[in-house]
Structures are given as structure tokens and as C-alpha cells.
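Asker: Only the shape, not the letters, is given here:
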């Protein structure tokens, strides 16, 4: 799998500009023979807990149709973030479309960002996605999920690649990079973090810092403070070989951990 991450200048609550930037990066990814591209959290609007403003900018249906058209035209897998409504509840979602425009993965953010009041309007998801593409199984998480290692441990039981789509501000840049590397090392899998870049409506700066990290915790590609397309070849065999040579997972004591989880829940 040749993976691409599309880091572009996010213009908050202006989907037309964000569509143009996404399209440019898809074309660039296609030229570089990538077969899958991922975009940041709430791709076409930028992250906001003000769900009414997000929905007023562009409906979930219009977001889906835009990316479906691109997937079909360029025959690529595409991952994008949006807000969705289901049974009167709103979710911060991440979707992967096949080159035929079919939904092959749908993930609802398990950990809404309570410090930013996201939890007041966004309901938490309660499941982890596993998506096989070619010879790779991957999972997707969203932003604040990165601070909760338990779900990464679960996902890495099946997945060799985990995508983290984010709107992570520059003020906590070191947390972002450190946690991404830690998740790659402790789970012995590829971690790809695709982040927003630009200033939001409150002038908070997002420096991007999108990154692709291998199962040894080594950075394969990184981009800060600019628009760019990051690419890397993802090989399941590399993950399997690392886990075989240095089998950390074999020494995990899940029954012990579970005993204490039950005490504190």
C-alpha cells in the first residue's frame, strides 16, 4: 500500500476552499501512484464543537457526495472526517470510501474532547473499526482518542496501520508527536497522524505536524507549518517481522489488567 496524508490549509467553516485544497492533494497523490489518502478531522469545515454552524456550512450528505465523486474519478481509497447525525444524536465521524465510492469503514469518535466542550453536543461512539485494504488491516481514530492507549492496544490486535485524524493545536505539539511515537512503539504498528494546518476562528494556530511512523517508532515522513502531501509504503510484513523478533505483546498480562479495570469502573 502506498499511503498518502493530505495536509492542507484548513479554512474554518468555508467548505468550498477546503474542497479545492483536498482536490489538489488527491491529484498529487494520484500522480505519485498512491492508492489511499487520508484527510484531517472534520475535513471540509475544520474542527468545531459548534455543531449547528458545521451542519449549516455543509450537510453530511453533501460531504459524502463530494468525496464519493473524487473516489470514483481518481479510483482511490479516501478517508475523511465530518459530523453525522443518527437517531437524533450527533457524532464526530471518520469514513473511508473505496475506489468505487462504497463506505468500507465508519468510525465515531469514542472520546469527545471535553476540555473544548465537544462532549456537550457530540455523542461518543462505542466501537472500533477494522478495515482490510489489500494486505493491510487498518483502524481509524480521531484526535483526543490519541490520549487513551487502551483502544490502540485493542485495535493493534488486528490492525497493522492506525490512522489518527486530528485538529491538534500547535500549543500541544509536543504531546501530539510524543504520543504518536509512543503508540507506534508500544503497539508495534504503523501510526499515521494527519492534522489540520492554519488558524481557526479564534486565531488558534495548528502547525500540522502530520507524520507517518513505522512499527519501530521511526519517522518516515513529517510536515510542519505548510501544505504538503506525505507518502510512505506500508508493508504488513514489516509489522509481523518486528512483532516476531521482539514479541512484547506475548508478555502482556491482560487478565491482570482486566481485574483492576473492573475494580475502578
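Answerer: On my side now, so go ahead. Keep in mind it's a predicted model, so treat the numbers as computed, not measured. Residues are numbered from 1 along each chain as shown.
Asker: can you map out the strands along the stretch 151-265 of the chain?
Answerer: Counting by DSSP state E, counting those that start in this stretch, one finds strands in the stretch 151-265 of the chain at the ranges 161-166, 190-195, 197-199, 205-213, 219-224, 228-233.
Asker: which helices and strands does the second one pack with?
Answerer: Put plainly, it is strand 190-195. Packed against strand 190-195, as judged by 3 or more Cβ pairs under 8 Å, 6 or more residues apart in numbering; DSSP states H and E, are the following elements: strand 2-7, strand 161-166, helix 173-187, strand 205-213, strand 228-233. Any C-beta I mention is one placed from the backbone N, CA and C, and that applies to glycine too.
Asker: circling back to that earlier point, how about the strands of the stretch 151-265 of the chain, which one is nearest residue 12?
Answerer: Residue 12 lies closest to strand 197-199 among the strands of the stretch 151-265 of the chain, at 7.7 Å (Cβ to Cβ).
Asker: and stretch 179-198, how far out from the chain's middle?
Answerer: Distance of stretch 179-198 from its chain centroid, counting by Cα atoms, centre = their mean, to the nearest Å, is 9 Å.
Asker: So residue 196 sits against residue 208, correct?
Answerer: Yes. Counting by Cβ atoms under 8 Å, a contact exists between residue 196 and residue 208, whose distance comes to 7.3 Å.
Asker: Show me which residues of stretch 68-83 are buried.
Answerer: Neighbour counts over stretch 68-83 (16 or more other Cβ atoms under 10 Å) mark 68, 70-72, 74, 76-83 as buried.
Asker: burial of the closest residue to residue 208 other than its chain neighbours, as a residue count?
Answerer: Taking Cβ to Cβ, 6 or more residues apart in numbering as the measure, residue 208 lies nearest to residue 197, with 3.8 Å between them; neighbours along the chain are not counted. Number of residues near residue 197 (other Cβ atoms under 10 Å) recorded here: 24.
Asker: likewise the one 3 residues further on?
Answerer: Residue 200 has 18 neighbours, counted by other Cβ under 10 Å.
Asker: residues contacting it?
Answerer: By Cβ atoms under 8 Å, 6 or more residues apart in numbering, residue 200 lies in contact with 10, 12, 46-48, 167, 206.
Asker: Most neighbours among these, which one is it?
Answerer: Note: the member of those with the most neighbours is residue 10, at 29 neighbours, neighbours being other Cβ under 10 Å.
Asker: Let me have the contacts of residue 200 in TSV, adding pLDDT as columns.
Answerer: What follows is these, written out as TSV (pLDDT from 0 to 100):
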residue	pLDDT
10	97
12	97
46	97
47	96
48	91
167	98
206	98
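Asker: Before I go, just wanted to say thanks for your time.
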